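Enquirer: Sequence and predicted structure, then a few things I'm wondering about:
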Amino acid sequence: MFNRELQTPITELKGVGKETAEHLAALRIQTVYDLMYTFPYRHEDFRLKDLAQTPHNERVTVEARVEREASVMFLGKGKSRLQVQILVGRHLIKAVFFNQTYLKQKLIPGNIVTITGKWDQGRQAINGTHVHFGPKTDQIDFEPVYSLRGNFQQKRFRGFMRQALDTYGDYLVDVLPEAVRTQYQLVDVRTGLEGIHFPQHADHAKQARRRFVFEELFLFQLQIQALRKARRDTEVGTVIKFDNAQLKAFIASLPYELTNAQKRVVNEVCRDLLTPYRMNRLLQGDVGSGKTVVAAITLYAAVTAGYQGALMAPTEILAEQHAENLHAWFAPFNVRVALLSGSVKGKARRELLAQLANGEIDLLIGTHALIQPEVVFHNLGFVITDEQHRFGVEQRRILRDKGENPDVLFMTATPIPRTLSITAFGEMDVSIIDEMPAGRKPIETHWVKKEQFGAVVQKLESELLAGRQAYAICPLIEESDKLDVQNAVEAYEQLREIFRGRFEVGLMHGRLTPAEKDAVMRDFSEGKLHILVSTTVVEVGVNVPNATFMVVYDAERFGLAQLHQLRGRVGRGEHQSYCVLIADPKTDEGKERMLSMTETNDGFKLAQKDLELRGPGDFFGKKQSGLPEFKVADLVHDYRALEVARQTASELVQTDAFWQHEAYAPLRHVLAQSGVLDGERID
C-alpha cells in the first residue's frame, strides 16, 4: 500500500498475458496490490488424521498403500466411478473417485499414496477429491482456496501470488502502527500475507487471518470515528438547558415507574441535549419496551427550555396514537400538542400552521406532512423520527433543517444485533432499551403443523367469545402458482365463512390505498372488526390492547426479526396473549427459527439468532443494508474484534499524535483516500 511499485499492473508478472489479465480483471485484480489483497475463502487441511478418531462425513487426509488394482464402473452419459482398496494403518478401506478413470493406471498395488476426501464411516470408504502419488512428507499441510471463475486453476493463481510476494513484498508499508500491533499481538503485514496465502501450519494461518480481520474492521471504524469527530468539530448544535425540576415532576406524574433501561436512556438523551454538539442518536427498543415514554420525557425537556419539538411517524394511525398518548400525559402540564397529517385540511390546517409559526404549539406530531414546505416552526430544537428506516435520508434531512441545528433522535422497534448497529450506524450514538415494563405478561408462542388448524380455530374462537380480537397474518395477497402458501384473500374468505353471523372479519394488504388501510385499521381499533386478516403491512405502528391472539400462516416464510415484529402486535393489554405459528419447514434452519420463536420473547436474542442463521447481508436486505463488504472479517463470528477495533479507532482519532506523528501517516492516507478528510498522499 502507498508505494507506486505496488500499483504495478498485473501484466508485469511473468505469465500474465492479455487473456489472463482479463480473467483477473473480472476478479477486480488489476495491480500487484489487488492480487496480494485477494484472500482465500478457506484453506484445505491436508494434515494426516486417524480414521478411528474421524467423525462420519468429515474431510480427511490419509497416507495409504494400494492393496489391489483399481476397478472402474461406467455410469452412462460420460460418468464413471473408480474404486480401489487401500490399507490405512490397520484399516482396510475403499477409496472412490468419480469421473477420474485416468487414475486407474497410476494407482499401482504396493505403492504409497496420499488421499484426501470425505470419510464415509458406514461404508468404510473415502470419497476422494485429491490424490498425491507418494507419502505425505513432500506435501504441504495447508493450501489456500480462492474464489475463481471459469477454468482458472488454483495452482496457477497461487503461482502468480508467490511471484508477486517475492518480487514486490519488500515494498509493502504496514498500515497498522507498531504500537497497535504490539498492543494486540498482531503480525506485520508481510508475515500476515505470507501466512494467509502460504501458511506453513495451522497457527500461521490463524494469526494471519486474525491480523487482517482486525485491519479491515479497524480501518472501517477509523473512517467512521474520524467522520464523527469532523462533524462534531464543524457542526454547531443547540444547547438545550432544560428545567430539571419540571422534568422530574413530569416523570413522577406518569402512571407507572420507569424501568432502569428507560431511566438510563433518558439520561443519555438529556446529556446530549445539554451539549453544544448536535445529537445524532439511535434509540433501539423492543416492541412494548416503552420508547414512546422516553420520547415524551425528552420532548418535554426541550419544551421546558423554550424550544419546540417534533415527532414524525410513518403512518397516520401511528401518529394519532402518539398524539393521544402525549395529550393525556401533558394535559396537567400546559404543553400544547398538535397533530398534523394528510387528513388535516382547509381552515383547520391553516390555523394549525399559523399557531406553529408563532410558537403557540409546543409539540407537533405527524406523518410526512411535517416536511411540507409550508410547515414552519417558530423555534424547533428537538426532532424525533419514529421507525426511522421507513423514511428516506432526504426526508429526515428536510425535517431536521426546519430548525437551527436541532438535536435529532431516531427510534426503531427493530432490535438490531450490536455488531450490526456498530457497523451500519457507526456514526451515530446508540441507546438501547433492553428491559420490559414490570407486569407485562409474556406472549405464549406455539408452533403447529397445518393439519392442526382445527385446534387453532377452536382457540381463536374461545378468545373471541371472551371479547378479545385477533390477527391472521399471511405472506401473500392472492393465490400464487409458484408458491404453495396461504394467501390473505383465501384466509379472509375461510375465516369469514367459519364465523359468519357471529364475528366480523376484515382484510388489509399492501395494495390498499393509505386511506383504505387507515379505515380498516380504525375499524379494528374501535372493535368493529373482530379478526383482521393481513399481510405484513400490520407489522409496525398498531396498538390494539384488546387483540390477544395472532395466527401466522406459513410462518417458515418469514425471518425471525419479522416474526417477532408481527408477534408484538398482541400482548399490549392486561390479558394473556397468544401467537400460533402454522408451519411445515423443510429445512433445519426453518425448524430452528420456529423453535427459537417458541423459546424466547427477547427481540435482541432473536435478532442475534437471525443474524447467525441468515448472515448480515440478508438481515437488512442486500439493497439497503448499508453494510460494507469485508474480505476476511465475519460480523457474526468476529464481533469481539469489531468491539476492540471500534474502541481503538475512537480513542486514536481523539489524540493529537494521530493527526501529527509520522507513525500514523499511513492511516491518515487511508482517510484521505476514503474521502473522510482531505489529507496527505504517501508515495
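Expert: Done, it's in.
Enquirer: Helices of the stretch 1-150 of the chain, residue ranges please.
Expert: Using DSSP state H, counting those that start in this stretch, the helices of the stretch 1-150 of the chain run over 18-26, 32-36.
Enquirer: where does Gly510 land on pLDDT?
Expert: In this prediction, Gly510 carries a pLDDT score of 75.
Enquirer: That one contacts Glu516, correct?
Expert: No: Gly510 lies out of contact with Glu516 (C-beta atoms under 8 Å); the separation is 10.9 Å. For glycine as for every other residue, the C-beta is placed from the backbone atoms N, C-alpha and C.
Enquirer: on that earlier part again, need the winner for burial among the helices of the stretch 1-150 of the chain.
Expert: Comparing the helices of the stretch 1-150 of the chain by mean neighbour count (mean count of other C-beta atoms under 10 Å), helix 32-36 comes out on top with a mean of 22.
Enquirer: Just the CA trace of it, in CSV.
Expert: What follows is helix 32-36, C-alpha atoms only, in CSV (Å, rounded to 0.1, in the frame of the first residue of the first chain):
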residue,chain,number,x,y,z
VAL,A,32,0.0,-6.3,-7.8
TYR,A,33,-1.6,-4.8,-4.6
ASP,A,34,-5.0,-6.0,-5.7
LEU,A,35,-3.6,-9.5,-6.1
MET,A,36,-1.9,-9.6,-2.7
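Enquirer: Quick one: residues in contact with it.
Expert: The contact list for helix 32-36 (C-beta atoms under 8 Å, 6 or more residues apart in numbering) reads 1, 5-8, 10, 12-13, 24, 28-29, 160-161, 164-165, 167-168, 172, 193, 197.
Enquirer: switch to 6 Å and redo it
Expert: With contacts defined as C-beta atoms under 6 Å, 6 or more residues apart in numbering, helix 32-36 is touched by 6, 8, 29, 164, 168, 193.
Enquirer: and it, what's its mean pLDDT?
Expert: 95.
Enquirer: That one: how far from the chain's middle?
Expert: Remark: helix 32-36 is offset 30 Å from the chain centroid, using C-alpha atoms, centre = their mean, to the nearest Å.
Enquirer: repeat for stretch 487-498
Expert: Put simply, stretch 487-498 sits 34 Å off its chain's centre (C-alpha atoms, centre = their mean).
Enquirer: same question, stretch 156-169
Expert: With C-alpha atoms, centre = their mean, you get 36 Å for stretch 156-169.
Enquirer: does Lys605 sit in a helix, a strand or a coil?
Expert: Under DSSP: H, G, I helix; E, B strand; the rest coil, the three-state class of Lys605 is helix.
Enquirer: For Pro276, which of the helices of the stretch 1-150 of the chain is the nearest?
Expert: helix 32-36 (42.6 Å; C-beta to C-beta).
Enquirer: and Ile240, how many neighbours?
Expert: The number of residues packed near Ile240 is 24, by other C-beta atoms under 10 Å.
Enquirer: which residue sits closest to it, ignoring its sequence neighbours?
Expert: Once flanking residues are discounted, Ile240 sits nearest to Leu273: 4.1 Å by C-beta to C-beta, 6 or more residues apart in numbering.
Enquirer: Give me the helices and strands touching the helix or strand containing the one you found, please.
Expert: Assigned by DSSP states H and E, Leu273 falls within helix 260-274. Judged by 3 or more C-beta pairs under 6 Å, 6 or more residues apart in numbering; DSSP states H and E, helix 260-274 is in contact with helix 291-304, strand 429-433.
Enquirer: Name all residues that make contact with Ile361.
Expert: Ile361 makes contact with 336, 338, 355, according to C-beta under 6 Å, 6+ apart.
Enquirer: Among those residues, which are located in strands?
Expert: Ala338 (DSSP state E).
Enquirer: Only whichever of the contacts of Ile361 are buried, select them in PyMOL.
Expert: Here is the PyMOL command that selects the buried residues among the contacts of Ile361 (16 or more other C-beta atoms under 10 Å):
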select buried, resi 336+338
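Enquirer: In a markdown table: the contacts of Ile361, plus distance to Gln321 and pLDDT.
Expert: What follows is those, written out as a markdown table (distance: C-beta to C-beta, whole Å; pLDDT from 0 to 100):
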| residue | distance to Gln321 | pLDDT |
| --- | --- | --- |
| Arg336 | 19 | 94 |
| Ala338 | 15 | 95 |
| Gln355 | 22 | 95 |
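Enquirer: now, which of the contacts of Ile361 sits nearest Gly501?
Expert: Once C-beta to C-beta is applied, the member of the contacts of Ile361 that ends up nearest Gly501 is Ala338, at 43.2 Å.
Enquirer: Not counting sequence-adjacent ones, nearest residue to the closest one?
Expert: Ile361 (4.7 Å).
Enquirer: Which pLDDT value belongs to the one you found?
Expert: pLDDT, Ile361: 95.
Enquirer: One more: the one 3 residues further on?
Expert: If you check Leu364, the pLDDT there is 95.
Enquirer: In three-state terms, how would it be classified?
Expert: strand.
Enquirer: Beta-bridge partners for Val62, please?
Expert: Note on Val62: beta-bridge partners by DSSP bridges are Ile115.
Enquirer: Going forward, the N-terminal residue is numbered 385.
Expert: Done: numbering now begins at 385, and the last item shifts to Val446.
Enquirer: can you list the weak-confidence ranges in the stretch 685-834 of the chain?
Expert: 772-780, 802-803, 805-810 (pLDDT under 70).
Enquirer: tell me the contacts of Arg665?
Expert: 793, 813.
Enquirer: Look at it and tell me its secondary structure.
Expert: Arg665 - assigned by three-state DSSP - is strand.
Enquirer: Could you identify the helix or strand that succeeds the helix or strand of the chain with the lowest mean pLDDT?
Expert: Ranked by mean pLDDT, DSSP states H and E, the weakest helix or strand in the chain is helix 1000-1004, scoring a mean of 53. Next along the chain after helix 1000-1004, taking DSSP H and E as the criterion, comes helix 1023-1037.
Enquirer: any idea of the angle the helix holding Leu657 forms with strand 813-817?
Expert: 150 degrees (axes from the mean of the first three to the mean of the last three C-alpha atoms, to 10 degrees).
Enquirer: Take helix 644-658, keep the C-alpha atoms, and write them as CSV.
Expert: Provided in CSV are the C-alpha atoms of helix 644-658 (Å, rounded to 0.1, in the frame of the first residue of the first chain):
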residue,chain,number,x,y,z
ASN,A,644,-33.9,1.0,34.7
ALA,A,645,-33.3,0.8,31.0
GLN,A,646,-35.7,3.7,30.3
LYS,A,647,-34.0,5.8,33.0
ARG,A,648,-30.6,5.1,31.5
VAL,A,649,-31.7,6.1,28.0
VAL,A,650,-33.5,9.3,29.3
ASN,A,651,-30.2,10.3,30.9
GLU,A,652,-28.2,9.6,27.8
VAL,A,653,-30.5,11.7,25.6
CYS,A,654,-30.7,14.5,28.2
ARG,A,655,-26.9,14.7,28.4
ASP,A,656,-26.9,15.1,24.6
LEU,A,657,-29.4,17.9,24.9
LEU,A,658,-27.1,19.9,27.2
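Enquirer: Taking helix 675-688 as reference, get the angle to it.
Expert: Using the same axes, to 10 degrees: helix 644-658 against helix 675-688 is 30 degrees.
Enquirer: Quickly note the distance from Glu881 to Arg906.
Expert: For Glu881, the distance to Arg906 equals 25 Å [C-beta to C-beta, to the nearest Å].
Enquirer: between those two, which one's more packed in?
Expert: The residue with more neighbours, out of Glu881 and Arg906, is Arg906; 14 against 9, by other C-beta under 10 Å.
Enquirer: Now that one. Nearest residue, chain neighbours left out?
Expert: Ile701 (6.9 Å).
Enquirer: Could you count how many residues lie near the one you found?
Expert: If we define neighbours as other C-beta under 10 Å, then Ile701 has 21 of them.
Enquirer: how close does Cys858 sit to Val921?
Expert: Cys858 is 11 Å from Val921, by C-beta to C-beta.
Enquirer: oh sorry, the question was meant for Met978
Expert: The value you get for Met978 to Val921, if C-beta to C-beta is used, is 23 Å.
Enquirer: Please apply the same query to Ile608.
Expert: With C-beta to C-beta as the criterion, Ile608 and Val921 are 34 Å apart.
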